[in-house]
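>>> Could you work out the structure for the sequence below:
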Amino acid sequence: MLLYIHIPFCDSKCGYCAFFSQVNKENMITPYFQALLKDIKHTLKHFSVKKITSIFVGGGTPNFVDSKHYREIFTLLTPLCASDCEITFEMNPNLITHSWLSEIKGLGSNRLSIGVQSFYDDKLQMLERVHSYDDICRAFDIAYKHIENISLDLIYDCKLDTNKRIEYELESALKLPISHLSAYSLSIDSNSRFGDRKAYSLQSRESFGVFVRDFLQKKGFRQYEVSNFSYKNKCKHNLGYWNGEAYLGVGASSVGRVDSVRYFATPNLEQYITNPFQRKEEVLSQNDLNFESIFMGFRSEIGVEKSLLNKTKLKYVIASNLCYEYDNRIYANDFFLADSIALYLS
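Down below sits the predicted model:
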């Protein structure tokens, strides 16, 4: 079973962020973690969880919270973790410290996902990130002394981007001790603060996705999902999502899916603390599940079961070299075309 834990606290709210996160709520951290522990106990019991294969602690900014708050949670979870359980913590560079990393490593964390986003201070300011280039260098120097499996996040397709600038960012990233890189095209969500502005004032008029992919693959980083590149360690947790495995979500605004039911926790901090067990449910039809499998599969190395696809159209797509078949599964030759292929074949 996969487990996602949502930590909604941040030291600042980035303009592009549409995830549920809160600032200036430090007084609610302790009651939130008390509710979170209750939620985890209830969820594990309700679904009769015997083994956890991966844990992803996301947010928000998990390392904004004192590491002591994670002790009871991992005392509860550790006995259920598989021997090769991947335990990831998301974190921001400006908040990384030796003491925090030392404690979470002791609790079992073996993977970090660090939100760098850019190596240019002007771009960081545009994205409303609070860290600087100097913070990034210091953060990785500290992080690698504790945990070797590190992923780095970058954002591209900003108005400041050019091929030359992106090449510098990628080169800077690969000088750091990382085994994984996630590169995301800037998207302006209507639920974000940037959503109130005109998108063209922030985004580039062209996409640099192919440039990013080709550069990284020449350097030995293999694209295994549209935004994810691995040198030696793929993200087991995300692969589980894309493969359609069941997953549990705990924490305010978290989402889980077991069998054909998707569960949504409230995106309200006060309501969650009052009743951490409350969930809205969405019952998915077999067509819904198949549709998700098609979209996730074409966007990643997972591929799609051949029987789910329109056979007449599939012949054309393969003949056009947009996809290929292997062992009764169909794979996209270009993940950036995945959504169009999925719509055409579903």
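>>> alpha carbons only for contacts and neighbour counts from here, please
Noted.
>>> Tell me where the protein is predicted with low confidence.
17-18, 188, 190-193, 195-200 (pLDDT under 70).
>>> Could you identify the longest helix within it?
If you go by DSSP state H, the chain has its longest helix at helix 29-46.
>>> residues near D259, how many?
By other C-alpha atoms under 10 Å, the residues close to D259 number 12.
>>> again, but for P93
Per other C-alpha under 10 Å, the neighbour tally for P93 reads 23.
>>> Okay, it and K280: tell me how far apart.
In this view, P93 and K280 are 34 Å apart by C-alpha to C-alpha, to the nearest Å.
>>> re earlier: please put the alpha-carbon coordinates of the longest helix of the chain into CSV.
Taking Å, rounded to 0.1, in the frame of the first residue of the first chain, the C-alpha atoms of helix 29-46 are listed here in CSV:
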residue,chain,number,x,y,z
ILE,A,29,0.8,22.7,14.1
THR,A,30,0.5,20.8,17.4
PRO,A,31,-3.3,20.2,17.2
TYR,A,32,-2.9,19.4,13.5
PHE,A,33,-0.4,16.6,14.2
GLN,A,34,-2.6,15.3,17.0
ALA,A,35,-5.4,15.0,14.5
LEU,A,36,-3.1,13.6,11.8
LEU,A,37,-2.0,10.8,14.2
LYS,A,38,-5.7,9.9,14.8
ASP,A,39,-6.3,10.0,11.1
ILE,A,40,-3.5,7.6,10.4
LYS,A,41,-4.5,5.1,13.1
HIS,A,42,-8.1,5.1,11.9
THR,A,43,-7.1,4.8,8.2
LEU,A,44,-4.7,1.9,8.8
LYS,A,45,-7.4,0.1,10.8
HIS,A,46,-10.2,0.8,8.4
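>>> Now I136: which helix or strand?
helix 133-143 (DSSP states H and E).
>>> Any idea what the residue nearest to K234 when sequence neighbours are not counted is bridged to?
Of all residues not flanking K234 in the chain, H180 sits nearest, at 6.8 Å (C-alpha to C-alpha, 6 or more residues apart in numbering). Bridge pairing for H180 (DSSP bridges) gives the partners S151, S230.
>>> H180 - how many residues pack around it?
By the criterion of other C-alpha under 10 Å, H180 has 24 neighbours.
>>> give the contact list for it.
I150, S151, L152, F221, N228, F229, S230, Y231, K232, N233, K234 (C-alpha atoms under 8 Å, 6 or more residues apart in numbering).
>>> same thing with G297?
Contacts of G297 by C-alpha under 8 Å, 6+ apart are W242, N243, G303, V304, Y331.
>>> what does Y263 give?
By C-alpha under 8 Å, 6+ apart, the contact list for Y263 reads G249, V255, G256, R257, R279, K280, E281, E282.
>>> And for the last one, the neighbour number?
Around E282 there are 12 other residues, counting by other C-alpha under 10 Å.
>>> quick check, it in a strand?
Yes. Secondary structure of E282 (DSSP: H, G, I helix; E, B strand; the rest coil): part of a strand.
>>> so the host helix or strand of I5 versus helix 29-46, what angle?
I5 belongs to strand 2-7 when assigned by DSSP H and E. Using axes from the mean of the first three to the mean of the last three C-alpha atoms, to 10 degrees, the inter-axis angle of strand 2-7 relative to helix 29-46 is 160 degrees.
>>> measure the residue nearest to K234 to K236 for me?
Counting by C-alpha to C-alpha, the gap from H180 to K236 is 12 Å.
>>> R279 now?
Distance from R279 to K236, by C-alpha to C-alpha: 26 Å.
>>> go on, F336?
Applying C-alpha to C-alpha to F336 and K236 gives a distance of 21 Å.
>>> what separates the host helix or strand of N287 from the chain centre, distance-wise?
Here N287, judged by DSSP H and E, is contained in helix 286-298. Relative to the centre of its chain, helix 286-298 is centred 19 Å away, using C-alpha atoms, centre = their mean, to the nearest Å.
>>> Parallel or antiparallel, list what pairs with the next helix or strand after that helix.
Per DSSP H and E, the first helix or strand lying C-terminal to helix 286-298 is strand 304-305. Strand 304-305 has the following sheet partners, assigned by DSSP bridges: strand 329-332 (antiparallel).
>>> Report the buried residues of the helix or strand following the strand it pairs with.
Using DSSP H and E, the helix or strand that directly follows strand 329-332 along the chain is helix 338-345. Residues of helix 338-345 classed as buried by neighbour count (16 or more other C-alpha atoms under 10 Å): A338, I341, A342.
>>> Looking at those residues, spot the one nearest F215.
If you rank the buried residues of helix 338-345 by distance to F215 using C-alpha to C-alpha, A338 comes first, at 20.1 Å.
>>> Could I get the contacting residues of the closest one?
F295, F298, R299, A332.
>>> got it, and Y272?
Counting by C-alpha under 8 Å, 6+ apart, Y272 has contacts Y32, A35, G251, A252, A265, T266, Q278.
>>> M28 versus that one, what's the distance?
In terms of C-alpha to C-alpha, Y272 sits 11 Å off from M28.
>>> do I136 as well
Between I136 and M28 the computed distance is 29 Å (C-alpha to C-alpha).
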